[in-house]
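> Just to be clear, the model below is a prediction. Sequence and coordinates:
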Amino acid sequence: MRPVLLILFLSSINLYGQATTGNEFYEKTQYLDAVTAYEQVLPPDRDGTLLNRLGVSYHMVNRPREAEAAFKAAMRVAPQESAAYNNLAALYYFQQKYGNAERELRRALERAPENTVLRRNLRAAKFARENSKKANDIAAGVVNEKPLLVQQRLNDLLEVVLLLPPTDVQQATLHEIRGDTFFARKLFDDAIIEYRRAIGLDRYNASVANRLGLAYHQNQKLKEAEQQYRQAMKLNPFYLEAINNLGSIEYAAGRFDRAMDQYRKALKIRPDSPTVLMNIGACLFAMERYDEGYLIYQRALQIDPKSFERTSSAGTLIQTTQRNESMMSFYLAKVFAGSGDTDRAISYLYKAVEEGFKDIEKIRAEPSFAVFAADERFAKLLESLVTPG
């Protein structure tokens with residue numbers, strides 16, 4: 001029995017050693033040596049990361065059949081990991097199977113929707129699929145420098161070469177940068193001009209489409225903003241920023257059910273986003289679902305105590321403004337009382353009263369207000385409700 005156990009122990013050490021050796025070669029981009037080491041690990045002992053790295057190594061030594069098999073094996077072993085889907089897409093992209101590449105990238109983004117490499121790769125694949133002749137011509141021109149159409153490897157992800165005309169990419173980037181500069185200075189008309197010029201040269205960049213939408217949004221051109229948010233989502237169905245911002249358009253139009261649908265989609269992508277949670281809370285309050293909104297606001301405040309200090313405009317993710325009405329102010333007072341912020345809690349209580357909240361018994365019965373029952377400001381507030389005017 002002991003010899004058998006010893007053999008198994010030594011075998012496991014050897015397999016671990018081969019995986020470690022393969023990883024060392026992989027990090028040094030010595031892919032042929034990495035393949036040799038990884039192949040020594042028996043198939044049952046290969047996890048998703050090893051199989052993905054084996055696939056990358058096969059790809060980088062131009063063994064596409066083995067690379068495809070390794071990536072598909074990685075998907076079976078670790079179906080929720082995005083890397084193998086992305087890298088299989090990079091393999092298809094190299095083989096000029098652009099439709100297949102786009103399909104795999106959508107599957108990758110479903111698993112890691114905010115990954116910037118996946119976003120860039122989807123942009124490249126979508127352009128190449130819709131402009132295959134132009135893409136193939138450009139590929140033929142860069143094949144000596146980038147024979148596998150791999151721009152770079154970032155950890156376990158392959159980023160493909162963007163096959164747009166280089167001069168178009170350069171000019172589009174310049175207009176994009178100018179647009180960002182104008183946007184930061186709140187010169188939204190000028191930002192719109194620059195973003196539209198960028199899109200005229202490269203209409204596959206979901207990020208620029210979203211920012212053009214933001215510029216229109218700031219100018220209160222909501223129809224044009226909505227069109228751009230929808231265009232960004234068409235380019236990338238998992239583009240969080242555009243999904244959230246479209247929700248803000250629906251919210252402003254009073255279409256709260258539709259706004260909630262978009263915010264829920266955004267929250268699924270980024271479950272701990274205070275901005276998205278604040279938007280859901282505002283929507284719930286507008287729908288008079290106060291208790292649900294109260295819980296959502298509590299959650300946002302727990303994640304980021306400064307959630308209520310922000311308003312919508314600085315970044316690429318819009319935070320809606322809460323509507324001014326008495327019941328909402330009352331519940332916000334509860335939120336801040338629960339978090340120990342007495343000053344803001346009492347401030348919102350005064351605001352609730354100013355907006356027409358008159359239910360003194362509801363204020364007295366609220367457990368979260370007991371912590372500042374002796375506060376002079378609170379006493380004066382109750383007194384004003386007993387003897388108004």
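It's in.
> what comes up buried for stretch 245-255?
The neighbour-count check on stretch 245-255 (16 or more other C-beta atoms under 10 Å) flags 245, 246, 247, 248, 249, 250, 251, 252 as buried. Backbone N, C-alpha and C define where each C-beta goes, glycine included.
> Excluding residues flanking it in the chain, which one is nearest the last one?
Using C-beta to C-beta, 6 or more residues apart in numbering and skipping residues adjacent in sequence, the residue nearest residue 252 is residue 222, 6.6 Å away.
> I figured the one you found hits residue 251, correct?
No - Residue 222 lies out of contact with residue 251 (C-beta atoms under 8 Å); the separation is 10.9 Å.
> So what's the residue count around the residue nearest to residue 252?
By other C-beta atoms under 10 Å, the residues close to residue 222 number 15.
> Check the burial of residue 97 by counting its neighbours.
Residue 97: 17 neighbours (other C-beta under 10 Å).
> again, but for the one 5 residues further on
Under the neighbour criterion other C-beta under 10 Å, residue 102 is assigned a count of 22.
> quick one: it and residue 122 touch, right?
Yes - using C-beta under 8 Å, residue 102 is in contact with residue 122, at 6.8 Å.
> what pLDDT does residue 360 get?
Note on residue 360: pLDDT of 83.
> Sketch out the low-pLDDT regions of the stretch 1-150 of the chain for me.
Applying pLDDT under 70 to the stretch 1-150 of the chain picks out residues 1-16.
> at 50 what do you get?
Low-confidence segments of the stretch 1-150 of the chain (pLDDT under 50): 1, 4-13.
> Quick one: the strands in it, in order.
Here the stretch 1-150 of the chain has its strands, by DSSP state E, counting those that start in this stretch, at 150-154.
> and residue 63, what is it in contact with?
For residue 63, the contacting residues are residue 35, by C-beta atoms under 8 Å, 6 or more residues apart in numbering.
> the helices in the stretch 51-200 of the chain, which residues?
Using DSSP state H, counting those that start in this stretch, the helices of the stretch 51-200 of the chain run over 64-77, 83-94, 98-111, 116-130, 132-142, 166-184, 188-201.
> Name the nearest residue to residue 357, sequence neighbours excluded.
Nearest non-adjacent residue to residue 357, counting by C-beta to C-beta, 6+ apart: residue 326, 3.8 Å away.
> That neighbour: neighbouring residues, count only.
Residues contacting residue 326 under the criterion other C-beta under 10 Å number 16.
> measure it to residue 350 for me?
Separation of residue 326 from residue 350 (C-beta to C-beta, to the nearest Å): 11 Å.
> Equivalent analysis for residue 50, please.
Distance of residue 50 to residue 350, given as C-beta to C-beta: 62 Å.
> neighbour-wise, which of those two wins?
Higher neighbour count among residue 50 and residue 350: residue 50, with 21 against 17, using other C-beta under 10 Å.
> Enumerate every residue touching that one.
Each residue near residue 50 by C-beta under 8 Å, 6+ apart is listed here: 19, 22, 38, 41.
> Dump those residues into JSON lines; add distance to residue 331 and neighbour count as well.
Output for those, formatted as JSON lines (distance: C-beta to C-beta, whole Å; neighbours: other C-beta atoms under 10 Å):
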{"residue": "19", "distance to residue 331": "55", "neighbour count": "20"}
{"residue": "22", "distance to residue 331": "57", "neighbour count": "25"}
{"residue": "38", "distance to residue 331": "57", "neighbour count": "24"}
{"residue": "41", "distance to residue 331": "57", "neighbour count": "21"}
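> Save those as JSON lines, and put in distance to residue 30 too.
Output for those, formatted as JSON lines (distance: C-beta to C-beta, whole Å):
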{"residue": "19", "distance to residue 30": "15"}
{"residue": "22", "distance to residue 30": "10"}
{"residue": "38", "distance to residue 30": "12"}
{"residue": "41", "distance to residue 30": "17"}
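> In contact with the residue nearest the centre of the chain, which residues?
The centre of the chain sits closest to residue 114, judged by C-alpha atoms, centre = their mean, with a distance of 3.6 Å. Applying C-beta under 8 Å, 6+ apart, we find residue 114 in contact with 240, 269, 270.
> let's go with 10 Å and repeat that
238, 239, 240, 241, 269, 270 (C-beta atoms under 10 Å, 6 or more residues apart in numbering).
> Farthest pair within the residues you listed?
The most widely separated members of the contacts of residue 114, counting by C-beta to C-beta, are 239 and 270 (11.7 Å).
> Please say which of these two ends up with more neighbours.
Taking neighbours as other C-beta under 10 Å, residue 239 and residue 270 compare with residue 239 leading, 27 against 18.
> Is the more buried one in contact with residue 228, as I believe?
No - here residue 239 lies out of contact with residue 228, judged by C-beta atoms under 10 Å, at a distance of 11.4 Å.
> how deep is residue 340 tucked in, by neighbour count?
Residue 340 has 9 neighbours, counted by other C-beta under 10 Å.
> before we move on, which element is it in?
For residue 340, there is no enclosing helix or strand under DSSP states H and E.
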